[in-house]
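[1] What shape does this take:
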Amino acid sequence: MSDNNIIPFADPNRDLVRDKLCQAHEAEAEKRGTEFWNYGCGSAEHRIESKTDKAKLYSTINPTTLAVTHEWEPYWYQPIGDSPSERRILKEYLKTDMETENRRRREFAKESARFVESLSGRGAV
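    Numbering: from 1, shown residues only. Presented below is the predicted three-dimensional model:
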């Protein structure tokens, strides 16, 4: 038997889609001249999320077409209500804000009623 048909370092368990995603992710970072701080944090099956010295880099691959897309998210961008604690704080704030608004409306209604009473006592109404 000849060893001419053996490909060195061929691993049958190797994920070629994941390899292409990793290569494209690294190439995108190199193209922008960034340095990785945290590579692949929170990675899903077809997505890599990394922190770099300039921004967060998200790379996603379509496993059917092998098309890779990249998204850069600045560190200052943080959607409101993105975490459970932020949702709780936002809910409490809105609840407090609505309570304040309802209290203001009740006070305004009382003041309006007193004003109308004062006018009716003068014979203006």
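
[2] Tell me where the protein has helices.
    Secondary structure of the chain (DSSP state H): helices at 16-32, 84-122.

[3] Which of these comes out lowest on mean pLDDT?
    Here the lowest mean pLDDT among the helices of the chain goes to helix 84-122, at a mean of 75.

[4] Walk me through the domains of this protein.
    16-73, 79-125 (automatic domain parsing).

[5] The longest one: end-to-end distance?
    The first residue of domain 16-73 is 27 Å away from its last residue (CA to CA, to the nearest Å).

[6] With adjacent residues omitted, what lies nearest to residue 71?
    Residue nearest to residue 71 in three dimensions, not counting chain neighbours: residue 58, with 4.3 Å by CB to CB, 6 or more residues apart in numbering. Where C-beta positions appear, they are placed from N, C-alpha and C, glycine not excepted.

[7] With residue 20 instead?
    Distance criterion CB to CB, 6+ apart; nearest residue to residue 20, sequence neighbours excluded, is residue 66 at 5.9 Å.

[8] if I look at the one you found, how far off is residue 119?
    Note on residue 66: its distance to residue 119, by CB to CB, to the nearest Å, is 78 Å.

[9] what's the answer for residue 74, then?
    58 Å.

[10] number of nearby residues for residue 62?
    Neighbourhood size, residue 62 [other CB atoms under 10 Å]: 11.

[11] contacting residues for the residue nearest to it when sequence neighbours are not counted?
    Closest residue to residue 62 apart from its sequence neighbours, by CB to CB, 6+ apart: residue 46 at 7.5 Å. When contacts are counted by CB atoms under 8 Å, 6 or more residues apart in numbering, residue 46 is found next to 17, 21, 60-63.

[12] Kindly state the pLDDT recorded for residue 46?
    87.

[13] rewinding a little: residue 18 is in contact with the residue nearest to residue 20, correct?
    No - between residue 66 and residue 18 there is no contact under CB atoms under 8 Å: 11.2 Å.

[14] Those two: which is more packed in?
    residue 18 (15 against 12).

[15] coming back round to it: going by neighbour count, which of the contacts of residue 46 comes out on top?
    residue 21 (23 neighbours).
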